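Undergrad: Sequence and predicted structure, then a few things I'm wondering about:
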Amino acid sequence: MESVLQVMSEDINRFYTILHKQDDHEDVRLNFSDKGRGITFKLKFHKQEVDQPIKYLSDSHLNSLGLCFFLASVRHLNQTTNFIILDDVVNSIDANHRRQLIEIIRDHFQDYQFLILTHDETWFEMLRQQLEGLGWKSYEIISWQLESVVIEPTKDRIQKVQDLINASNGDGVARHLRIYLEQEVKRLCEAYHVPVEYKEEYRLEDLWQSLKKYLNNRTYIDPDAQDFKGLFNDIQTNRYLFNLDLHDSSQKVSKGDMQYALDKYKTFLDLFRCEKCTNVIKPDKKGYQCKCGHNFTS
């Protein structure tokens, strides 16, 4: 039994450390209780050995500790069924740790099948982005009754924006299109390690200018090409239209304006995607290469 506790403790400590990298908590482990009637947690809390985490850790930390115990238990005590269900687990832990939980799932449970349920739309989008290209599938519950549930494959945001344009005269579409562009430009900045001046909150303009500066310095895309310059100018105009639609109710942005803006963004973002598999092309030591092995000139 002690050997089981030891190997489980190694995983629990590893997972907890990933979730709480910035906290001074170390050596999380399982031990038999002093009376030998059960199992308890021990850890070093700011270098001090403690054996009752409930007295020292916040509710969020305690919940994440329980989640780490659950994941370690699955690995070591349920080796015949590699299937895990997680139902709204991020509701009980700090929002700052959602990405780290995805890292644990992605890097330490490659041989497991997950069913992850959540009401948290932000975490849902994080899951989709960080697990992209790894064989995961995403679905949304569209409606439900006691007798039945309607489930459909998740549409990406660009398709949702297109549906909004098709179903309206253009009013209110700019907010969704701006959110889509912010997410995509942020993903590009992360993928290309674009230096961005630190701010507590980033606006689209901050990320946009940093990406543009990066393209001027090093990329397989030629920012001086006439077509590329024209595309940048078109997108600058689109941002002006966004501001009109969002802040100036006296100026109406037409359905055609929004469709044109969406088409230009799609053309721009396609420059960063592999023609063979549509994944984002990322830089490596040899230049630029897609996951599928297709190489590009740096």
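TA: The structure has been received and is ready for your questions.

Undergrad: Provide a list of residue ranges in this structure with pLDDT below threshold.
TA: Low-confidence regions of the chain, defined by pLDDT under 70, span residues 1, 34-36, 169-172, 200-202, 204, 216-253, 278, 282-298.

Undergrad: how much space between the spatially most central residue of it and Arg106?
TA: Residue closest to the average C-alpha location in the chain (Cα atoms, centre = their mean): Met126, at 2.1 Å. Met126 sits 11 Å away from Arg106, going by Cβ to Cβ, to the nearest Å. In this view, the C-beta of every residue, glycine as well, is placed from N, C-alpha and C.

Undergrad: what does Val185 give?
TA: With distances defined as Cβ to Cβ, the gap from Val185 to Arg106 amounts to 23 Å.

Undergrad: Next one: the residue nearest to the centre of the chain from Glu152, what distance?
TA: From Met126 across to Glu152, the span is 20 Å (Cβ to Cβ).

Undergrad: what do you get for Val7?
TA: With Cβ to Cβ as the criterion, Val7 and Glu152 are 41 Å apart.

Undergrad: Leu262 too?
TA: In this structure, Leu262 and Glu152 are separated by 22 Å, where distance is defined by Cβ to Cβ.

Undergrad: Between these two, which is the more surrounded one?
TA: Leu262 (21 against 10; other Cβ atoms under 10 Å).

Undergrad: That one contacts Arg178, correct?
TA: No: look at Leu262 against Arg178 with Cβ atoms under 8 Å: they stay out of range, at 11.3 Å.

Undergrad: From the chain's centroid, how far away is stretch 80-89?
TA: The gap between where stretch 80-89 is centred and where its chain is centred comes out at 19 Å by Cα atoms, centre = their mean, to the nearest Å.

Undergrad: picking up where we left off before, quick check: which element contains the residue nearest to the centre of the chain?
TA: For Met126, the element it lies in under DSSP states H and E is helix 121-130.

Undergrad: tell me what the next helix or strand after that helix is packed against?
TA: Remark: after helix 121-130, the chain's next helix or strand is strand 139-144, criterion DSSP H and E. For strand 139-144, the helices and strands in contact under the criterion 3 or more Cβ pairs under 8 Å, 6 or more residues apart in numbering; DSSP states H and E are strand 149-153.

Undergrad: angle of the strand it packs on against strand 139-144?
TA: With axes from the mean of the first three to the mean of the last three Cα atoms, to 10 degrees as the basis, strand 149-153 and strand 139-144 are set at 150 degrees to each other.

Undergrad: What lies in contact with strand 149-153?
TA: Contact partners of strand 149-153, identified using Cβ atoms under 8 Å, 6 or more residues apart in numbering, comprise 137-144.

Undergrad: Mind listing the strands it pairs with, and their directions?
TA: For strand 149-153, the paired strands and their directions (DSSP bridges) read strand 139-144 (antiparallel).

Undergrad: circling back: Val185 and Arg106: who's more crowded?
TA: Neighbours were tallied for Val185 and for Arg106 using other Cβ under 10 Å; the higher tally belongs to Val185 (21 against 14).

Undergrad: three-state assignment of that one?
TA: helix (DSSP: H, G, I helix; E, B strand; the rest coil).

Undergrad: right, and it touches Trp208 too?
TA: Yes: counting by Cβ under 8 Å, Trp208 is a contact partner of Val185 at 6.0 Å.

Undergrad: Send me stretch 184-199 as PDB with only the CA atoms.
TA: Only the C-alpha atoms of stretch 184-199 are listed here, as PDB (Å, rounded to 0.1, in the frame of the first residue of the first chain):
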ATOM      1  CA  GLU A 184      -7.000  35.000 -33.800                       C
ATOM      2  CA  VAL A 185      -4.400  37.800 -33.600                       C
ATOM      3  CA  LYS A 186      -3.600  36.700 -30.000                       C
ATOM      4  CA  ARG A 187      -3.100  33.200 -31.100                       C
ATOM      5  CA  LEU A 188      -0.700  34.300 -33.900                       C
ATOM      6  CA  CYS A 189       1.200  36.400 -31.400                       C
ATOM      7  CA  GLU A 190       1.600  33.400 -29.100                       C
ATOM      8  CA  ALA A 191       2.500  31.000 -32.000                       C
ATOM      9  CA  TYR A 192       5.100  33.300 -33.400                       C
ATOM     10  CA  HIS A 193       6.400  34.500 -29.900                       C
ATOM     11  CA  VAL A 194       5.700  38.100 -30.900                       C
ATOM     12  CA  PRO A 195       7.100  40.600 -28.300                       C
ATOM     13  CA  VAL A 196       4.200  42.600 -26.900                       C
ATOM     14  CA  GLU A 197       4.600  45.500 -24.500                       C
ATOM     15  CA  TYR A 198       3.300  44.400 -21.100                       C
ATOM     16  CA  LYS A 199      -0.100  45.800 -20.200                       C
END
